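Visitor: attaching a predicted model along with its sequence, questions to come.
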Amino acid sequence: MDGRGNEMGGVPGASPYFESGRVALIDIGKSEMSLSSSGLRVQRRSGDQSWSTATTPEICQYIVDHSLYHSI
């Protein structure tokens, strides 16, 4: 529990994991929080090339090489 009596991380039952050091919360920033794999798949299927800038070059290449999420 935090100092206000709330479960750590806002997840019921998570406190033991945070307290043990096995789980940590990190601030990934607002722009990263707005990314979703579902959104990237929709962009890829629709032909919107902006999806490729939201991944690492290696992941982008893997998706392209294996024809993942392409339009049907």
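Guide: Yes, it's here.

Visitor: every contact and neighbour count from this point should use C-alpha atoms.
Guide: Will do.

Visitor: need phi/psi at Gly47.
Guide: With angles defined as degrees, to the nearest 10, Gly47 sits at phi 90, psi 0.

Visitor: got it, and Arg45?
Guide: With angles defined as degrees, to the nearest 10, Arg45 sits at phi -60, psi -30.

Visitor: show the contacting residues for the residue nearest to the spatial centre of the chain.
Guide: Central residue of the chain (Cα atoms, centre = their mean): Ser36, 5.8 Å from the mean position. For Ser36, the contact set (Cα atoms under 8 Å, 6 or more residues apart in numbering) is empty.

Visitor: and what of Cys60?
Guide: Going by Cα under 8 Å, 6+ apart, Cys60 touches Ser52.

Visitor: quick one: the nearest residue to Leu35 once chain neighbours are set aside and Gly21, what's the gap?
Guide: Using Cα to Cα, 6 or more residues apart in numbering and skipping residues adjacent in sequence, the residue nearest Leu35 is Ala54, 7.7 Å away. Distance of Ala54 to Gly21, given as Cα to Cα, to the nearest Å: 30 Å.

Visitor: what's the spacing between the residue nearest to the centre of the chain and Gln43?
Guide: Ser36 is 11 Å from Gln43, where distance means Cα to Cα.

Visitor: one more: Arg22?
Guide: From Arg22 across to Gln43, the span is 35 Å (Cα to Cα).

Visitor: of these two, who's got more company?
Guide: Between Arg22 and Gln43, Gln43 has the larger neighbour count (other Cα atoms under 10 Å), namely 18 against 8.

Visitor: what strand or helix carries Leu40?
Guide: Take DSSP states H and E as the rule and Leu40 turns out to sit in helix 37-46.

Visitor: for that helix, what is the average pLDDT?
Guide: Averaging the model's pLDDT scores along helix 37-46 yields 88.
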